[in-house]
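Enquirer: This is a predicted model, with the sequence first.
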Amino acid sequence: MNRLTVSIIILFLLVLGIYLQSWVSQKAPTAVQQTEEAWQPNYQARSMRSTLYDEQGKVSHEVFAQKMEHYQLLGFTLFQLPQYTIYVERQDQPWHVVAKEGTLYDDNRIQLETDVEIHSQTDDGFVRRIKTNFIEINLLDKTLYSDQPVEIIGRDFVINANGFSGNLATQTYEFIDHVQTRYAPN
Amino acid sequence: GENDFKQPIKVDSKSQFVDGKSKTSIFREDVHITQGSLSIDADEVEVIAIEGEGREVFIARGQPAVYGQTMDDGSRIKAVANEIRYQVSNSTLTLTGNAELQQNSSKVSGDSIVFNMELEQLIAQGTDDDEGRVTTIFQPDSLRSNDKKESPADPQPDDDKGSQP
């Protein structure tokens, strides 16, 4: 390995160094630009209302929100102060759901956070109100799930539990980490 | 005691399942019911609330299910049975399956016992092993305390005791 080959190698490395640096930097900015674009909402709306129907043409659910931002690439919609009306098989017995924030995913799952309250609209309903700080509702099959402390207020009982799963259509609820249920005296 | 029945009924358990349509709940694993001094411990408790507030029926099942309560006179009553049914509307306990009810030194046993917790009175009792004959074991002194309870207004035998030399 005489001096000639050594100097050629050094020269080659020098050239590589210069070009490599520009190749790398060139690719990076385009990638950043693409995600940045995804973080820009495709469209925003204020005090919007939207109604969604199921295959039989019956109203599945309605949402009214103070502010809404839709992110096409990320596949979700953010709501400020969403108010949902969820219809179950008996159209006259919907459920009202309110929360500070909501994230609706493309597969019709809505995650609601902070001061979530679900109200039944019938007076003879067994479960009247559900209160928690996080809940995920599948707007198609009306199932719901939470892993946070939850309080269920019924006509004459109050259930406290850590997390639960339920179904607004069949009105069944399961508390795997139950804390306590109180039945008020008559 | 009597004011137990003015208190809320609390149920603690590992898990609970609620069926809103049939208005029933099932509590499972270490179920503990309390209402004032009344307590029932069981493996599983079914609560039927169709009749509405204050008319629920609690059905506790266990190996055995155990009931305990402090009576008005301060004595502690205890009962065990495979199934203890507490009817809130008339404060009645129905014990079925190897049922035993014990207060002070009197013990009642049978296949089914019905006991009114507010009146603190045994209402019915039956056993089908020897053609329905009733098996009741009463200790002598408890007989007197029972008389006292049934007719508190009359002069009590204790007064005679006082006058004896």
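Expert: Cool, the structure landed.

Enquirer: What pLDDT is listed against residue 6?
Expert: Using chain A. We have a pLDDT of 90 for A:Val6.

Enquirer: Chain B is the one I meant
Expert: 87.

Enquirer: Tell me the residue of chain B that sits nearest chain A?
Expert: Proximity of chain B to chain A (Cβ to the nearest Cβ) peaks at B:Gly54, 2.2 Å away. The way it works is simple: take the backbone N, C-alpha and C, and place the C-beta from them, glycine included.

Enquirer: Double-check that that residue belongs to a helix.
Expert: No - read with DSSP: H, G, I helix; E, B strand; the rest coil, B:Gly54 is coil and lies in no helix.

Enquirer: where does it sit relative to B:Ala99, distance-wise?
Expert: 26 Å (Cβ to Cβ, to the nearest Å).

Enquirer: in the chain, what spans have low per-residue confidence?
Expert: Unless you meant another one, I'm taking chain A. For chain A, applying pLDDT under 70 flags the ranges A:1, A:24-36, A:38, A:90-91, A:185-186.

Enquirer: That was the other one, I meant chain B.
Expert: Looking at chain B by pLDDT under 70, you get B:126-165.

Enquirer: if you set the cut-off to 80 instead, what comes out?
Expert: B:121, B:123-165 (pLDDT under 80).

Enquirer: what about B:Gly74, which SS state?
Expert: Criterion first, three-state DSSP; result for B:Gly74: coil.

Enquirer: actually B:Glu118, sorry about that
Expert: For B:Glu118, the assignment made with three-state DSSP gives coil.

Enquirer: what separates stretch A:4-17 from the chain centre, distance-wise?
Expert: Remark: stretch A:4-17 is offset 56 Å from the chain centroid, using Cα atoms, centre = their mean, to the nearest Å.

Enquirer: Check stretch A:134-142 too.
Expert: That offset, for stretch A:134-142, works out to 9 Å (Cα atoms, centre = their mean).

Enquirer: buried ones in it?
Expert: Residues A:134-139, A:142 are the ones in stretch A:134-142 that count as buried (16 or more other Cβ atoms under 10 Å in any protein chain shown).

Enquirer: Next: stretch B:88-105.
Expert: Under the neighbour-count criterion of 16+ other Cβ under 10 Å, stretch B:88-105 has B:88, B:91-96, B:99, B:101-103 buried.

Enquirer: From the contact counts, what lies against the strand ranked longest in chain B?
Expert: In chain B, with assignment by DSSP state E, the single longest strand is strand B:57-70. Strand B:57-70 sits against strand B:24-35, strand B:38-48, strand B:76-87, strand B:92-103, with contacts defined as 3 or more Cβ pairs under 8 Å, 6 or more residues apart in numbering or on different chains; DSSP states H and E.
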